[in-house]
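Asker: have a look; sequence and predicted model below, questions after that.
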Amino acid sequence: MMQTHFIITSPLEQFEIVTIFPFTISGLNFSLTNSSLVLIVAFSLLFFWTSLSFYTNTLIPNNWQLVKESVYEVTANMIQDNLGSKGEFYFPFIFTLHLLLLYCNLIGMIPYSFTVTSHIVFTFGLALSIFIGINIIGIQTHGFKFFALFLPRGVPLVIVPLLITIEFLSYIVKVFTLSIRLFANMTSGHTLLKIIAGFAWTMLSAGGLLAVFHLIPLGLLLALIGLELAIACLQAYVFTLLTCIYLNDVLDMH
């Protein structure tokens, strides 16, 4: 009597970082992993797509130019609404950040690829780097007056230590909210897709009546893929939008 064995893999297996090319120098690990490879691919595609957009600019835009102008306009409006004219100086960085996150999120939707933004180490490192840069900009712009951000005017002297502590903690927590929001959305979405896909495959492999009813989770999976694509674009936008808001907070101190 034949027995059928099903290999059920963990939904979290897709987030495992795998070393592709090990390489160390003086005890420091510079190995090429699937995470770093996807980052290289995302940057290469970003550069290639931008090159196609600028290759033959016409009055009536072609498809590549039209997509580029649409993303450009979304980012430009975001900067104008949150930073005003002073945000033009930071447009190259914000535009690059928006595109890089968008490409990383969309590449992660390709089967058997890797989602870089599903790792807290990447999103936290990116958020921390942006946070440090924003504070450097704030100190360069306002000098020591920048630290008045933690002490509103007209506060009684008795509660000054408590208020400074609360304001400082609420200011620091921006790094965690910025990084966890992107990480949590991408991880939870991809985990749910893997669970439903595994459930549909198990029903199909079982045969019989269950093989017919596998169309139900399969249809749900297709709907969730569309939702996850929208979330991938939205989370790249939200991360960039919050970066603009935090940058505006240090440029325009009230």
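Answerer: Perfect, thanks for sending it.
Asker: in stretch 130-145, which residues are buried?
Answerer: Buried positions in stretch 130-145, judged by neighbour count with 16 or more other CB atoms under 10 Å: I130, F131, I134, I137, G138. The C-beta positions use only the backbone N, C-alpha and C, and glycine is treated the same way.
Asker: hmm, who's touching it?
Answerer: Residues outside stretch 130-145 that contact it (CB atoms under 8 Å, 6 or more residues apart in numbering): L97, F146, L149, K174, V175, L178, T243, Y246, L247, V250, L251, M253.
Asker: mind saving the C-alpha coords of that stretch as CSV?
Answerer: Only the C-alpha atoms of stretch 130-145 are listed here, as CSV (Å, rounded to 0.1, in the frame of the first residue of the first chain):
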residue,chain,number,x,y,z
ILE,A,130,17.7,58.7,7.9
PHE,A,131,17.0,59.7,11.5
ILE,A,132,20.7,60.5,12.1
GLY,A,133,20.9,62.4,8.9
ILE,A,134,17.7,64.4,9.7
ASN,A,135,19.1,65.4,13.1
ILE,A,136,22.4,66.5,11.5
ILE,A,137,20.4,68.7,9.1
GLY,A,138,18.5,70.1,12.1
ILE,A,139,21.6,71.0,14.0
GLN,A,140,23.3,72.5,11.0
THR,A,141,20.1,74.6,10.3
HIS,A,142,19.3,75.8,13.8
GLY,A,143,22.5,75.2,15.9
PHE,A,144,21.9,74.7,19.6
LYS,A,145,18.4,76.0,19.2
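Asker: got phi/psi on E16?
Answerer: With angles defined as degrees, to the nearest 10, E16 sits at phi -70, psi 130.
Asker: what of M109?
Answerer: According to degrees, to the nearest 10, M109 has phi -80, psi -10.
Asker: of the contacts of stretch 130-145, buried ones?
Answerer: L97, F146, L149, K174, V175, L178, T243, Y246, L247, V250, L251.
Asker: state the distance from the second one to D252.
Answerer: It refers to F146. The gap separating F146 from D252 is 12 Å, by CB to CB, to the nearest Å.
Asker: kindly report the same for the third one.
Answerer: Counting by CB to CB, the separation of L149 from D252 is 11 Å.
Asker: and the helix or strand bottoming out on mean pLDDT in the chain, what other elements does it pack with?
Answerer: Using mean pLDDT, DSSP states H and E, the weakest-scoring helix or strand in the chain turns out to be helix 209-213, at a mean of 75. Under the contact criterion of 3 or more CB pairs under 8 Å, 6 or more residues apart in numbering; DSSP states H and E, helix 209-213 touches helix 160-206.
Asker: tell me the mean pLDDT over the helix it packs on?
Answerer: For helix 160-206, mean pLDDT is 86.
Asker: that one packs against which elements?
Answerer: So helix 160-206, by 3+ CB pairs under 8 Å, 6+ apart, packs with helix 120-142, helix 209-213, helix 215-251.
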